[in-house]
Structures are given as structure tokens and as C-alpha cells.
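Engineer: My questions concern the predicted model and sequence given below.
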Amino acid sequence: MSNTNIKKVRASDLELKDRLVSIQRVTKVTKGGRTFSFSAIVVVGNENGIVGYGLGKASEVTSAIAKGVEDAKKNLVKIPVLNGTIPHKQEARYSGSHVMIRPAAPGTGIIAGGAMRAVLESVGIRNVLAKSKGSSNPHNLVKATVAALLELRDARSVAQVRGVSLDKVFNG
């Protein structure tokens, strides 16, 4: 994954909606017995091309979710969205998770599983075909989906990188 097209965004002036992807009870075994705490993966986005994900850990569910939201707001990125779908097909891997996303015609909806669906809805994509292979671990699926979205490039950025006009990108 090339980091040249990653556009960081500040959360201060955005209306962000948060989605809880996964919450898990984790256990730490100590000399005095078991200590339970919670781990939450949260995705935030403005449903208009900006998304971020975060992980929060705490001894209570609500504080774990709040920490996850704060972490997600620190990691916001801009994603190109064209007419409610993505510009082109893209695949990405993160650890054991492998995701594939494809643009879809209007009216298709979001054809994707749990963790991927949360990310795609937060970005503001309304029509997309998505498939996950390999590990279904929500942590890795969210990271793989965001990696795939970060590799997307719209026609304007392609023209700018090549140093040609927008017409030349499409006509050869």
C-alpha cells in the first residue's frame, strides 16, 4: 500500500456518526483470579467520503466504546466516492483477511458482511459489491477494508499524477 494518496482529516468541524463493529470481553488471569475487561472496535464517518476506525479497551463497555470513538476520530481519512459507489475494483489484505470491493449500479445496495458493511456505510458508499476471504476477524477485516478504500483513486487524481488533462485519461 502506497501512502502517497492518504489524506488525513481533522474531526473538529465534521458531523461524525459512530458504528460499533465488535465488542469482546477479554480476560486477564492473575494470581488473584480472573480480571474481565472489554475491547471495542468502532468506525466513525460523515457518510460523505470520510472514515476512521479505532480500538478502545476498558473495564466497562461504555467507556471502551467511548475510547474507541476517540481513537477513531484521530485516524480519519478521505475516500473518493463517485455517485454513491467507488471509482474502480480494488483488493487488499491485512494479516489473514483478504477483501475485494467492486463498484455497483445504482439500486444495488451494500452487498457486504458485518465489519465491511459498517466501514462502507460510514464512508457513504450506497452501492457496492464486496467479498471477504480468509480470516473473519473483525479487527483485520476493518483494517483490510480501509486499506482497500485508501488505494482507490479517482480520475482527477490520476490525471494530476500523470500530468495530463481529464479527457486524456479516458480517451487514451
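Structural biologist: Perfect, thanks for sending it.

Engineer: Tell me where the protein is predicted with low confidence.
Structural biologist: Across the chain, residues meeting the criterion (pLDDT under 70) sit at 1-7, 11-13, 172.

Engineer: just the helices in it please.
Structural biologist: For the chain, helices defined by DSSP state H occupy the ranges 61-73, 114-123, 138-150, 155-162, 166-171.

Engineer: For Ala115, give me its contacts.
Structural biologist: Residues near Ala115 by C-beta atoms under 8 Å, 6 or more residues apart in numbering: 21-22, 41, 132, 136, 138, 141-142, 145. No exception for glycine: its C-beta is placed from N, CA and C like everyone else's.

Engineer: likewise Lys8?
Structural biologist: The contact partners of Lys8, by C-beta under 8 Å, 6+ apart, come to 76-77.

Engineer: picking that back up, ok, of the contacts of Ala115, which come out buried?
Structural biologist: Buried residues within those, counting neighbours by 16 or more other C-beta atoms under 10 Å: 21-22, 41, 132, 138, 141-142, 145.

Engineer: which two from these end up farthest apart in space?
Structural biologist: Ile41 and Ser132 (15.0 Å; C-beta to C-beta).

Engineer: Quick check: which of the helices of the chain is nearest to Val29?
Structural biologist: With C-beta to C-beta as the criterion, Val29 lies closest to helix 61-73 of those, at 19.5 Å.

Engineer: and that closest one, what does it pack onto?
Structural biologist: Counting contacts by 3 or more C-beta pairs under 8 Å, 6 or more residues apart in numbering; DSSP states H and E, helix 61-73 packs against strand 17-30, strand 33-45, strand 50-58.

Engineer: just the contacts of Ala115 now: which is nearest Arg10?
Structural biologist: Looking at the contacts of Ala115 and their distance to Arg10, the nearest is Val142, at 21.3 Å (C-beta to C-beta).

Engineer: Quickly note the distance from the closest one to Thr108.
Structural biologist: Taken as C-beta to C-beta, to the nearest Å, the spacing of Val142 relative to Thr108 amounts to 22 Å.
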